[in-house]
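Chemist: this one's structure only:
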């Protein structure tokens, strides 16, 4: 079943983050697909806030991984794989082993590591319409 939201404001984006996580009460791997500036990091920030993270470090563009622990003790990872260029780098970083953890994973530029993603990964598509500034967020389960 495909789920689609059309978002026009930051307030709506926060609400969509809450609705989105209602579909996934247990940790899961999410791969975000969208052009640069589509709103992937902003949406992930709202997801982190809803999961109880107070101090968000921003996008891990240079560090690749930000690790969080929410008040319930659940691990959450925010990965930005934009700078990953080859399979050897993925393996040297140990990302394949990291994905074995029971945690929420929010992965930007996941296509750069798609060969290690689990079969049950949820692909989240964010599209930005420049004409009317409406974002479309969708996923399928």
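Modeler: Received the coordinates, thanks. The shown structure was predicted, so the numbers you read here are calculated from the model rather than taken from an experiment.

Chemist: could you check how far residue 5 is from residue 63?
Modeler: 29 Å (Cβ to Cβ, to the nearest Å). Where you see a C-beta, it was placed from the backbone N, CA and C, and this is true even at glycine.

Chemist: an error on my part: the question was meant for residue 115.
Modeler: Separation of residue 115 from residue 63 (Cβ to Cβ): 22 Å.

Chemist: equivalent analysis for residue 93, please.
Modeler: Residue 93 is 11 Å from residue 63, where distance means Cβ to Cβ.

Chemist: neighbour count: residue 5 and residue 63, which is higher?
Modeler: Using other Cβ atoms under 10 Å, the more surrounded residue of residue 5 and residue 63 is residue 5, with 17 against 13.

Chemist: name whatever forms a beta bridge with that one.
Modeler: With DSSP bridges as the criterion, residue 5 is bridged to residue 137.

Chemist: quick test: name the residue nearest the centre of this structure.
Modeler: residue 106 (2.8 Å; Cα atoms, centre = their mean).

Chemist: does the residue sitting furthest away from the middle of the chain sit in a helix, a strand or a coil?
Modeler: When distances to the mean C-alpha position of the chain are computed (Cα atoms, centre = their mean), the maximum falls on residue 131, with 25.1 Å. Put simply, residue 131 is coil when judged by DSSP: H, G, I helix; E, B strand; the rest coil.

Chemist: quick one: mean pLDDT over the lengthiest helix in the chain.
Modeler: Identified as the longest helix of the chain according to DSSP state H is helix 10-22. Taken as a whole, helix 10-22 has an average pLDDT of 91.

Chemist: please apply the same query to stretch 79-89.
Modeler: pLDDT averaged over stretch 79-89 gives 90.
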